[in-house]
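*Asks:* pasting the sequence and the predicted model now:
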There are 2 protein chains.
Amino acid sequence: MGIHKEAVIIDDLIQQIIEKKLLPGSKLPSENELAEKYDVPRITVRNALIKLEERSYIYSVQGKGRYLKDKSIPIQLSLTGKTSFTEKMKSMGHDLKTVTISCKKILFEPKIYDILQAKETDTVYQIGRLRIINGVPMAIHYSYVSEHRFPTIKQDSPTIHSMFDYYRQQGTERFSSRKTYLSITFPTLEEQHLLSCNSMVPLIILETDCVDQDSNSILEYTKILYRSDQFKYDITTDP
Amino acid sequence: MGIHKEAVIIDDLIQQIIEKKLLPGSKLPSENELAEKYDVPRITVRNALIKLEERSYIYSVQGKGRYLKDKSIPIQLSLTGKTSFTEKMKSMGHDLKTVTISCKKILFEPKIYDILQAKETDTVYQIGRLRIINGVPMAIHYSYVSEHRFPTIKQDSPTIHSMFDYYRQQGTERFSSRKTYLSITFPTLEEQHLLSCNSMVPLIILETDCVDQDSNSILEYTKILYRSDQFKYDITTDP
DNA sequence: CCATGGTAACTTGTTGCCAAGTTACCATGT
DNA sequence: ACATGGTAACTTGGCAACAAGTTACCATGG
């Protein structure tokens, strides 16, 4: 029953934060005061406050109270445009690091194999990379590559810094993509660790493919998980 | 302390659901069984299960137990392309309804006024519309229009079905946009009611502007809130 | 006057117990 | 044989009492 009253309390507190009736660093009323104000049991107030804490609005100190965090304005990042992601980040004064975190064969998945035009007997590698901006992990980037298309991908992968550079070396001059899908998920434990965030941070999933524009052959299937709490993404489509 | 163990339980249960070790409709182990299995107090298991319920993985019946929902596959919707949103939906066999929910003056907001090139003394209207697909509320669409640019917007708004049609009537032939931003939020109480979803459903925010391509004058600022739990969005950029 | 320690009144964090609902089973009476 | 009702053992739901940490204040003793 308390679930709706909890939502009301959350909504009201967030509203107060937005309207700056509560200021960053300031102390919130105690659980008991709020319980009396909203005429609900303390546990309901508690659950509401814990949710606000998980959403990074507040933090708590046992014996003292709960305090408002100064919520950092999200950093704007550009995802579209002609130049490469690395170059765009550099030009905007951001420090971008990319760390390869994994390279492993995947089990047969119809969806991915279909996109890669791979047979069930083919081997497909998943190459995982972590994008770090100004020290903050920003995205997990998975590239799925068919060994049939790139026979030396396994031994090449440790030395690859940019997949685009790699494909260029392999003969591709112009890139293109057929489909791009947007969806949302919550991070698994592993993703929470990699992105150093908690389970309440929604992740933006971008799924796309990458094809050689001239030969029209598929290069890779890409799945990127962006964290949504620290960044705002510019997806302007230039004409 | 229990917050991390809670995350482990959530992760483990979701993993079991994905791997189909738990089947839709089947009963989960009781709170006490899970508490023993993970060696945690019952309250920790409880909190984990409540989160899973809020994320629509399961539902509970007092006295009986908790059961797995059959999670519906998200509907794919196309957001890009030359044709209008309405036409695209129709062509994909979806039934799209649009309901106007509000039309009101807004208080001065520098960001919006700046984009609309409006003076602080100008009046800006927010026109809110609800997009409903196959009976499921899908998005809240806010158009911000300057009265200075469209003096009769107030009396016209009730009869407007499509903003694009309206702008065409007002002389615009070709549309364009300058910037599009993507971010994520959780719904306010009002948004929860409009979209008939709970507070744990992330909303995708798309912010963009709409300009007359020939005169290069601003028509409106648009902010759309898409629910992310029922839909998957095709944002393919056609060449 | 000042330093120390104790106490009381607050805060958040934890836990265990009881209430409420469901099911299965069994004893009892017709 | 069968219907009824009671009971016990489960389930989830709710809450009050307790634990732990912080602060402020005051009494006490040097």
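*Replies:* Sure thing, it's come through. Numbering: from 1, shown residues only, chains lettered A, B, ... in the order given.
*Asks:* burial count for A:P158?
*Replies:* 9 (other CB atoms under 10 Å in any protein chain shown). C-beta: built from backbone N, CA, C; applies to glycine.
*Asks:* tell me the helix or strand right after the helix or strand A:K154 falls within.
*Replies:* Using DSSP states H and E, A:K154 sits within helix A:153-156. Using DSSP H and E, the helix or strand that follows helix A:153-156 towards the C-terminus is helix A:163-169.
*Asks:* list the buried residues for stretch A:118-137?
*Replies:* A:118, A:124-133, A:136-137 (16 or more other CB atoms under 10 Å in any protein chain shown).
*Asks:* how far off centre is that stretch?
*Replies:* Centroid separation for stretch A:118-137 versus its chain: 14 Å, with CA atoms, centre = their mean, to the nearest Å.
*Asks:* how about TSV for the buried residues of stretch A:118-137, with secondary structure and distance to DNA strand D added?
*Replies:* Formatted as TSV, the buried residues of stretch A:118-137 follow (DSSP: H, G, I helix; E, B strand; the rest coil; distance: CB to the nearest atom of the strand, whole Å):
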residue	secondary structure	distance to DNA strand D
A:A118	coil	43
A:V124	strand	40
A:Y125	strand	42
A:Q126	strand	36
A:I127	strand	41
A:G128	strand	36
A:R129	strand	41
A:L130	strand	35
A:R131	strand	37
A:I132	strand	33
A:I133	strand	34
A:V136	strand	29
A:P137	strand	30
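*Asks:* and those residues as CSV, adding pLDDT and distance to DNA strand C?
*Replies:* Formatted as CSV, the buried residues of stretch A:118-137 follow (pLDDT from 0 to 100; distance: CB to the nearest atom of the strand, whole Å):
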residue, pLDDT, distance to DNA strand C
A:A118, 94, 48
A:V124, 96, 44
A:Y125, 96, 43
A:Q126, 96, 38
A:I127, 95, 40
A:G128, 95, 34
A:R129, 94, 36
A:L130, 95, 31
A:R131, 94, 32
A:I132, 95, 30
A:I133, 94, 30
A:V136, 93, 25
A:P137, 96, 26
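*Asks:* and the two most separated of the residues you listed?
*Replies:* Maximum pairwise distance in the buried residues of stretch A:118-137, criterion CB to CB, is 35.0 Å, between A:A118 and A:V136.
*Asks:* please name the residues that touch A:Y166.
*Replies:* Applying CB atoms under 8 Å, 6 or more residues apart in numbering or on different chains to A:Y166 gives the contacts A:156, A:160.
*Asks:* so is the particular helix or strand that has A:D114 in it next to chain B?
*Replies:* Assigned by DSSP H and E, A:D114 falls within helix A:110-115. No: Helix A:110-115 stays clear of chain B (CB under 8 Å from any CB of the partner chain), getting no nearer than 12.0 Å.
*Asks:* could you do stretch A:199-211 as well?
*Replies:* Yes: judged by CB under 8 Å from any CB, stretch A:199-211 comes into contact with chain B at A:199, A:202, A:204.
*Asks:* against A:F231, how distant is the second one?
*Replies:* The one in question is A:P202. 12 Å (CB to CB, to the nearest Å).
*Asks:* does A:T83 count as helix, strand or coil?
*Replies:* coil (DSSP: H, G, I helix; E, B strand; the rest coil).
*Asks:* ok, A:E191 - contacts?
*Replies:* A:140, A:203, A:225.
*Asks:* which of those residues has the most neighbours?
*Replies:* In the contacts of A:E191, the most neighbours by other CB under 10 Å go to A:L203, 24 neighbours.
*Asks:* which strand residues bridge that residue?
*Replies:* Following DSSP bridges, A:L203 is listed with bridge partners A:T185, A:R227.
*Asks:* give the buried residues for the helix or strand bottoming out on mean pLDDT in chain A.
*Replies:* Lowest on mean pLDDT, DSSP states H and E among the helices and strands of chain A sits helix A:85-91, with a mean of 81. Across helix A:85-91, burial judged by 16+ other CB under 10 Å covers A:85-86, A:88-89.
*Asks:* could you dump the residues you listed to a markdown table with distance to A:D165?
*Replies:* Below are the buried residues of helix A:85-91 laid out as a markdown table (distance: CB to CB, whole Å):
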| residue | distance to A:D165 |
| --- | --- |
| A:F85 | 12 |
| A:T86 | 10 |
| A:K88 | 16 |
| A:M89 | 16 |
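*Asks:* just give me the neighbour total for the residue in chain A that DNA strand C sits nearest to.
*Replies:* Nearest residue of chain A to DNA strand C (CB to the nearest atom of the strand) works out as A:S30 at 3.0 Å. Neighbour count for A:S30, taken as other CB under 10 Å: 14.
*Asks:* pull the contacting residues for it.
*Replies:* Applying CB under 8 Å, 6+ apart to A:S30 gives the contacts A:G65.
*Asks:* before we move on, back to that, for the helix holding A:D114, buried residues please.
*Replies:* In helix A:110-115, counting by 16+ other CB under 10 Å, buried: A:112-113, A:115.
*Asks:* ok, so of those, who is nearest chain B?
*Replies:* Nearest to chain B among the buried residues of helix A:110-115: A:I115, at 13.6 Å, using CB to the nearest CB.
*Asks:* wait, doesn't the closest one sit right on A:T208?
*Replies:* No: counting by CB atoms under 8 Å, A:I115 sits too far from A:T208 to count as a contact (9.7 Å).
*Asks:* intersection of neighbour lists for those two?
*Replies:* Contact criterion CB under 8 Å, 6+ apart; residues shared by A:I115 and A:T208: A:Y221.
*Asks:* got the residues of chain A near DNA strand D?
*Replies:* A:1-2, A:41-44, A:61-64 (CB under 7 Å from any atom of the strand).
*Asks:* and A:I153, what's its pLDDT?
*Replies:* In this model, A:I153 is scored at 90, pLDDT.
*Asks:* ok, it - contacts?
*Replies:* Applying CB under 8 Å, 6+ apart to A:I153 gives the contacts A:125, A:145, A:147.
*Asks:* state the phi and psi torsions of the second one.
*Replies:* Backbone dihedrals for A:V145, given as degrees, to the nearest 10, come out at phi -130, psi 140.
*Asks:* neighbours of it, how many?
*Replies:* Using other CB under 10 Å, A:V145 has 29 other residues around it.
*Asks:* with the last one instead?
*Replies:* Applying other CB under 10 Å, we find 15 residues neighbouring A:E147.
*Asks:* check A:S196 too.
*Replies:* 10.
*Asks:* wait, is A:V45 part of a helix?
*Replies:* Yes: assigned with three-state DSSP, A:V45 falls within a helix.
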